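Colleague: This is a predicted model, with the sequence first.
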Amino acid sequence: MRLQMQVDELQRVFRNCPHCGASELYIERNHRIHCSACHFEYFHNVATAVGALVVTPQGLLLLERAKEPARGKYALPGGFVDPGESLEAALVRECGEEIGWFPENEELHYFCSFPNTYRYKDILYNTCDMFFLVKTNTLDPASLRIEPGEVTALKVLPLSDIQDDFFAFESTKQAVKLLQEI
Ligand SMILES: [Zn+2]
């Protein structure tokens, strides 16, 4: 049902073939867009995103989102991986951009991944969100510099105080739940 909804949405956005202009575009397996007239093909592939589970002695670092989607809800430092970037490089860059903190590569430990969807300007993207654990005793949250365009507030909460409905994204909920269970 959910997949059919995504196919319908893609059909609405991709009305004509960008190569020959034909209106007979077919969407298969929720991501392959194919023109039967000129055989143009485009794959609306899964995008890669990264998130940091930053665990300090006081708890988990959470960012209140400044923008849509899900403005006001909590997220983790992170974002989309740029073309040509590794997961680690993307995570370090995103932490720098959002909170002015650049973790060392050795501090990043792969933890888990979950699929997610991300709606931006009427287009629904399927993502695979990869989460890294960053345990730190030296990070002082008060010293972080938040980027107001991205983040309105920063919180550090004990894991046991964090609830499902705090989060903007399903994948973050799942990753934090897993962290709470270990
Ligand atoms: Zn075509």
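Modeller: Received the coordinates, thanks.
Colleague: Now do the same contact list for R65.
Modeller: 71-75, 150-152, 168 (C-beta atoms under 8 Å, 6 or more residues apart in numbering). Bear in mind the C-beta positions are built from the backbone N, C-alpha and C, glycine included.
Colleague: residues in this structure within reach of the ion, list them.
Modeller: Listed as neighbours of the ion in the chain under the rule C-beta under 5 Å from the ion: 17, 19-20, 22, 35, 37-38, 40.
Colleague: Which among those residues count as buried?
Modeller: The neighbour-count criterion (16 or more other C-beta atoms under 10 Å) marks 17, 35 among the residues of the chain next to the ion as buried.
Colleague: Now intersect the residues of the chain next to the ion with the strands, please.
Modeller: Secondary-structure check on those using DSSP state E: residues within strands are C35.
Colleague: Can you tell me which of the residues of the chain next to the ion lies closest to I123?
Modeller: Comparing the residues of the chain next to the ion against I123 with C-beta to C-beta picks out C17 as the nearest, at 17.6 Å.
Colleague: Just put the residues of the chain next to the ion in a markdown table and tack on pLDDT.
Modeller: Formatted as a markdown table, the residues of the chain next to the ion follow (pLDDT from 0 to 100):
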| residue | pLDDT |
| --- | --- |
| C17 | 96 |
| H19 | 96 |
| C20 | 97 |
| A22 | 96 |
| C35 | 96 |
| A37 | 96 |
| C38 | 97 |
| F40 | 96 |
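Colleague: could I get the residues of the chain next to the ion as a markdown table with distance to R29?
Modeller: Converted to a markdown table, the residues of the chain next to the ion look like this (distance: C-beta to C-beta, whole Å):
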| residue | distance to R29 |
| --- | --- |
| C17 | 18 |
| H19 | 20 |
| C20 | 22 |
| A22 | 21 |
| C35 | 16 |
| A37 | 20 |
| C38 | 20 |
| F40 | 17 |
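Colleague: Keep only those of the contacts of R65 that are in strands.
Modeller: With strands defined by DSSP E, the entries of the contacts of R65 inside them are 74-75, 151-152.
Colleague: Just the buried residues from these, in PyMOL please.
Modeller: Buried members of the ones in strands among the contacts of R65, identified by 16+ other C-beta under 10 Å, are gathered into one PyMOL selection as follows:
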select buried, resi 74+75+151
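Colleague: What is the lowest-pLDDT residue among the ones in strands among the contacts of R65?
Modeller: The member of the ones in strands among the contacts of R65 with the lowest model confidence is V151, at 89 (criterion: pLDDT).
Colleague: For the closest residue to that residue other than its chain neighbours, what are phi and psi?
Modeller: By the measure of C-beta to C-beta, 6 or more residues apart in numbering, the closest residue to V151 outside its immediate chain neighbours is L63, 4.6 Å from it. Main-chain torsions, L63, degrees, to the nearest 10: phi -120, psi 130.
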